[in-house]
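Chemist: structure for this input, please:
(one chain, ligands or ions: 1)
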Amino acid sequence: MSPAPIVRFAPSPTGRIHIGNARTALLNWLFARRNGGVFVLRFDDTDFERSKTEYADSIEQDLAWLGVEPDLVRRQSERMAFYDDAAAKLKALGRLYPAWETPEELDRRRKRQQALGRPPVYDRAALRLTDDDRAALEAAGRKPHWRFRLDPGTVRWTDLVRGPSHIDCGSLSDPVLRRENGAYLYTLPSVVDDIELGVTHVIRGEDHVTNTAVQIQLFEALAGRAPEFGHHNLLTDAAGEGLSKRTGALSIASLREKGVEPLAVAALAVLVGSAEAVRPVASLDELAGLVDLGNLSRGAARFDEAELDALSARTLHAAPYAAVADRLAAIGVAGSNAEAFWQAVRGNVARLADAADWLGVVEGAVAPVVEDPAFLALAADRLPAGDWDRTTWAEWTNVLKAETGRKGRDLYHPLRLALTGRESGPELAALLPLIGRARATARLRAPSS
Ligand code: GLU
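Modeler: Next up, the predicted model:
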């Protein structure tokens, strides 16, 4: 058996995570779950200006709400010394070199290359500087940025999602790994940490495919070998627009605040854009059994909030009491009848919070709708004696049917209006025992409305 996989989700804490980030997190976490592996949450927070502790905290909360608990949490900001060591190693290997071009200079060069019909690839002018040139730049107080010298060949890997993949590194500019101010860009720290954590599978969005070619070269330079890679398709909003942490669109927090079911968010986040039908699941373990990186489609997948609302409702309709008991208790649904109450009303809620409305109908002050007081008075007289259960309703309405000749809607609807004050709702066979004799009698005998 191959060793247990180690995977990571590596957000930069520069905003709240959205449904597309949740897709990446869940694909990793479910992969670890299915294979008895380890899931690391790694904050890529080397950008000191944009990274914020509040965002890191909110990302942990949003993941916990989805049911994703990391086995380990890492912060790149605490690991700068390791990146310095790796940079020194690359320098010694002749793979990291200083360059002094300003953004304006690089821009001018790119435009010139484009005008000549050449690809806008960095021309490695910095490698042709003499020692004297460099000394002069330093004496003038200029600080270099640092570029990784790519091998010009083609990098190949077998992508867990996309199959055999390759990138011609001759067509890429040597990437900048470190800025003039000493800050590392994401590329190098990510590889250093993946090596140190023993990451076996890097599962991330397909916007990182080009980075993968660069990073495979970095892995090979620093550790001799690279992990496996899988690049999943990205989610767009319903209009086909890409998602961004910065805009807050479709953030996990906003979905939570709207009262959407976390399991529905998780299911839609990973099943949309896959060969599996989008469907409600009873647990993340069930979802783990449905998700396979090889089953993801190639094109972008649209995330539709209307589809999420429908899936959220269907998830609740099938939710066992134990799965929602804590959240029900928080809105006042507790006690010995709580489970029966949930069974009765779950098919009639779109959001869990709607259960509170039905609790009001069962236990609260209902304004009964009384259209035919004589019939309702008879119905009150005929309420069955003894303890009530789910059979009481049939017993009662059979008696009323025999005595009055009413049937169908004529028989049932006036009872529903009086007992619940509503036109429609959960099955009365389930509600009647919960409403109980005292309330039922009072509602049936209420003055006509
Ligand atoms: N911090 C990177 C991002 O958020 C991580 C990419 C990766 O998984 O390597 O896109």
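Chemist: the residue in the stretch 251-400 of the chain that the ligand sits nearest to: how many residues sit nearby?
Modeler: The shortest separation between the stretch 251-400 of the chain and the ligand is 14.3 Å, found at Leu293 (distances taken as CB to the nearest ligand atom). In this view, the C-beta of every residue, glycine as well, is placed from N, C-alpha and C. Close neighbours of Leu293, defined as other CB atoms under 10 Å, add up to 19.
Chemist: and what of Phe39?
Modeler: Taking other CB under 10 Å as the criterion, the count of residues near Phe39 is 22.
Chemist: what's the helix or strand for it?
Modeler: strand 38-43 (DSSP states H and E).
Chemist: after that strand, next one along is what?
Modeler: Using DSSP H and E, the helix or strand that directly follows strand 38-43 along the chain is helix 53-66.
Chemist: mind listing what's buried along the next helix or strand after that next one?
Modeler: For helix 53-66, the succeeding helix or strand toward the C-terminus, using DSSP H and E, is strand 72-75. Neighbour counts over strand 72-75 (16 or more other CB atoms under 10 Å) mark 74-75 as buried.
Chemist: can you list the strands that strand 72-75 pairs with?
Modeler: The pairing partners recorded for strand 72-75 under DSSP bridges are strand 38-43 (parallel).
Chemist: show me what from the stretch 51-200 of the chain comes close to the ligand.
Modeler: 186, 190 (CB under 6 Å from any ligand atom).
Chemist: so which bits of the stretch 201-350 of the chain are right by the ligand?
Modeler: Taking CB under 6 Å from any ligand atom, the part of the stretch 201-350 of the chain that reaches the ligand is made up of 204, 208.
Chemist: looking at the stretch 201-350 of the chain, which residue is nearest the ligand?
Modeler: Going by CB to the nearest ligand atom, the ligand is nearest to Arg204 of the stretch 201-350 of the chain, at 3.7 Å.
Chemist: any idea how far that residue lies from Ala10?
Modeler: The gap separating Arg204 from Ala10 is 8 Å, by CB to CB, to the nearest Å.
Chemist: again, but for Ala115
Modeler: When CB to CB is applied, the distance between Ala115 and Ala10 equals 38 Å.
Chemist: one step back: find me the pLDDT at the closest residue to the residue of the stretch 201-350 of the chain closest to the ligand other than its chain neighbours, would you?
Modeler: When the adjacent residues along the chain are set aside, Arg204 lies closest to Thr24, with 5.8 Å between them (CB to CB, 6 or more residues apart in numbering). On pLDDT, Thr24 comes in at 98.
Chemist: list the residues that contact the most far-flung residue of the chain relative to its centre.
Modeler: For the chain, the residue at maximal distance from the C-alpha centroid (CA atoms, centre = their mean) is Glu403, at 57.3 Å. With contact taken as CB atoms under 8 Å, 6 or more residues apart in numbering, Glu403 is in contact with 378, 382.
Chemist: show me where the stretch 251-400 of the chain has strands.
Modeler: With strands called from DSSP state E, counting those that start in this stretch, the stretch 251-400 of the chain shows them at 301-302.
Chemist: Glu276: neighbouring residues, count only.
Modeler: Other residues within reach of Glu276, judged by other CB under 10 Å, total 17.
Chemist: gap between it and Leu352?
Modeler: With distances defined as CB to CB, the gap from Glu276 to Leu352 amounts to 25 Å.
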